[in-house]
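J.: the sequence and its predicted three-dimensional model are supplied below.
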Amino acid sequence: MIATLHELIPASIKAIPSLFWLNPDALFACLTAQGIEFEVHQIVDGEWDLVSSSLSDDEIFELVHLEDAQHRGECFLVPEACTRHNLSEFKCHSSDLKRFIHDFDISCFFDGDTIIVCFESRTLTIVHHEGVYVHVKIP
């Protein structure tokens, strides 16, 4: 997964040498250093911390418009559970993202920072624990 990220965003090679260093803020900095534009969106109107605990993964999937990210092919998924439980990234085909997230049973999939990388479509989704998300098409 890291090799894929480095190929898509060469600026990430030094800043994110391993999964340990992978987080939304580091990715935002790498995208900016690479000159890749992105738009940050609020997940909900209002206070994310007050609303997020009452939302299911299925609801958050819809709120971050994940189907609009245009992911194609195999995706690498790094939810907060990877850090919390010392797990490697997960993989699934883009056509199975909604089902994978719905069936995720380690914890809430969107409980904290979540990163999705798809090499074939050159797309990246970042969901930040502070209640914002971005979808990026990497040139």
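T.: Perfect, I can see it now.
J.: could you give the average pLDDT over stretch 92-100?
T.: Per-residue pLDDT values over stretch 92-100 give a mean of 97.
J.: kindly report the same for stretch 61-73.
T.: The model assigns stretch 61-73 a mean pLDDT of 95.
J.: show me which parts of it are buried, residue by residue.
T.: 61, 63-64, 66, 69, 71 (16 or more other C-beta atoms under 10 Å). Any C-beta I mention is one placed from the backbone N, CA and C, and that applies to glycine too.
J.: what about that stretch, distance to the chain center?
T.: Put simply, stretch 61-73 sits 10 Å off its chain's centre (C-alpha atoms, centre = their mean, to the nearest Å).
J.: what about it, start to end distance?
T.: Stretch 61-73 has an end-to-end distance of 18 Å (C-alpha to C-alpha, to the nearest Å).
J.: list of residues touching that stretch?
T.: 41, 43-44, 55, 93-94, 97-98, 101-102, 110, 116, 118-121, 123, 125, 127, 133, 135, 137 (C-beta atoms under 8 Å, 6 or more residues apart in numbering).
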